[in-house]
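S.K.: heads up, no residue letters with this:
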């Protein structure tokens, strides 16, 4: 049996421990209340896993959010998160789709690329 804990960002003063649910299978996990809520996004694609974090993937991988974490990810039948992708305008004005393999950081709509250049993230 596994335990899922809903992700609540640090800036939220929840005053209580995050909600936790027990589950036995990947199907059970995907039917927990926060997971069902995550599926309501019209651009929802799938869930993925990164370490013990469960992410909801939307808009063909251009948007992702941590929904929660599990105490033990072994045996879960979820795809590994590929790092997402970005729609970007490069310094020369070219519009491109970049993957996490090409992006070092993302802050305030500016992407820093591995070659040291920057790009503007297009939403």
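M.R.: Perfect, thanks for sending it. None of these values were measured; they are calculated from a predicted model.
S.K.: going forward, measure contacts between C-alpha atoms and count neighbours the same way
M.R.: Will do.
S.K.: helix, strand, or coil at the residue of the chain most remote from its centre?
M.R.: Distance from the centre of the chain peaks at residue 92, with 29.3 Å (CA atoms, centre = their mean). Three-state call for residue 92 (DSSP: H, G, I helix; E, B strand; the rest coil): coil.
S.K.: what of residue 27?
M.R.: Secondary structure assignment for residue 27 (three-state DSSP): helix.
S.K.: from the chain's centroid, how far away is the worst-scoring helix or strand of the chain on mean pLDDT?
M.R.: Lowest on mean pLDDT, DSSP states H and E among the helices and strands of the chain sits strand 2-6, with a mean of 81. Its chain's C-alpha centre and that of strand 2-6 lie 16 Å apart, by CA atoms, centre = their mean, to the nearest Å.
S.K.: which elements pack onto that strand?
M.R.: Applying 3 or more CA pairs under 8 Å, 6 or more residues apart in numbering; DSSP states H and E, we find strand 2-6 packed against strand 20-23, strand 63-70.
S.K.: most neighbours per residue, which of those strands?
M.R.: Compared across the helices and strands packed on strand 2-6, strand 63-70 shows the largest average neighbour count, a mean of 19 (mean count of other CA atoms under 10 Å).
S.K.: tell me the phi and psi of the residue farthest from the centre of the chain?
M.R.: Phi and psi for residue 92, reported as degrees, to the nearest 10, are phi -90, psi 0.
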